[in-house]
Structures are given as C-alpha cells and as structure tokens.
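1. Give the three-dimensional model of this entry:
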Amino acid sequence: MNQESYITELFQKTKLPDSKPVALNRLKCMERKMDKNKEFAADYCRKIEEYTQKGYIRKLSVTEAKREGQKTWYLPHFGVVNPNKLGKLRLVFDAAAKSSGTSLNDHLLQGPDLLINLTAIIWKFCQKSIAFCSDIKQMFHQVRIRDDDCSAQRFFW
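-> Next comes the predicted model:
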C-alpha cells in the first residue's frame with residue numbers, strides 16, 4: 001500500500017466529535033467583544049469580506065451547511081492585533097481548540113520538521129556573504145484543501 005492510499009484510508013476512518021458548541025460559544029464571546037469595540041468589529045468584518053473576495057473562504061449554501069459527516073469540524077476563530085502593528089488585524093482559526101477532549105490538530109498528520117537549526121543558520125553566515133529572508137504573505141490561506149476535507153474546516157460567522 002502506498003503512502004497516499006494509506007493516508008486516505010486512515011482519514012476515512014476518522015470520526016471527529018461534535019465541535020459546534022465550542023465554536024458557537026467562542027463566536028458569542030467574539031460578538032460580545034465586537035459589541036464593546038465597534039472599531040474592532042468593523043476591522044473584523046472587513047477582514048472576513050477580504051478573505052471572501054480573495055476566495056480564501058466562502059459562504060455555504062443552506063444545503064451544504066446541513067450536510068454534515070463524521071469529518072465535520074467547526075473552527076473557533078478570533079482576532080489578534082499586534083501592538084507593534086496597530087490597525088492590522090489578523091484572524092486566527094483555532095485548530096487547537098478542544099471539543100470532547102480532542103482538537104482538529106490531534107487528527108492531522110504531522111509532516112517532517114523543515115525548520116533549520118539556529119546553529120546551522122549562523123554557521124552559514126560564516127560560509128557565505130549574502131543572506132536572504134522572505135515572508136510569504138497570507139500563505140496559509142492560499143493552500144488548497146481537497147473537497148473531501150473542506151468539511152473539517154468550517155466556521156460560524
């Protein structure tokens with residue numbers, strides 16, 4: 001059995017617990033925060049609209065929303081503002097949030113550790129005279145999810 005078919009078979013056997021109550025409770029907390037801070041609410045709504053326009057998220061039809069299976073998971077979400085970057089809101093979709101003692105992260109397969117040891121990085125500075133650094137803006141939102149797996153990344157809005 002090759003690795004891809006093994007992963008597919010493993011995920012087909014996965015049954016995720018009901019995460020709706022946790023996600024709805026966190027949404028209510030966010031709504032209370034938005035009621036207290038209108039500027040935060042406006043920024044949050046703008047960010048959701050931006051993600052929709054860029055195609056990172058989409059609203060489910062009534063039929064799609066009613067269709068739930070053993071791999072349906074609702075992600076809680078919240079907004080974070082970096083004090084060094086005032087006015088720049090970042091949405092966090094919390095895959096580490098627990099529901100019935102488990103989280104979505106607990107069910108994801110872990111890939112290889114691709115981080116380079118800090119000592120190795122410093123040593124390379126001694127070998128070469130030029131260094132490059134990059135930041136891929138909104139990279140994680142641009143990763144395409146298989147249609148079979150999209151149900152595991154729902155959120156309430």
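2. Help me confirm that L89 comes into contact with A42.
-> No - between L89 and A42 there is no contact under C-beta atoms under 8 Å: 9.7 Å. In this view, the C-beta of every residue, glycine as well, is placed from N, C-alpha and C.
3. In terms of neighbours, single out the busier of these two.
-> L89 (16 against 12; other C-beta atoms under 10 Å).
4. Next, give phi and psi for L89.
-> phi -90, psi 140 (degrees, to the nearest 10).
5. Name the nearest residue to it, sequence neighbours excluded.
-> Nearest residue to L89 in three dimensions, chain neighbours excluded: D43, at 4.4 Å (C-beta to C-beta, 6 or more residues apart in numbering).
6. Show the pLDDT at the one you found.
-> Predicted confidence (pLDDT) at D43: the value is 93.
7. buried stuff in the helix or strand hosting T52?
-> According to DSSP states H and E, T52 maps onto helix 38-54. Buried residues in helix 38-54, counted by 16 or more other C-beta atoms under 10 Å: F40, A41, D43, Y44, I48.
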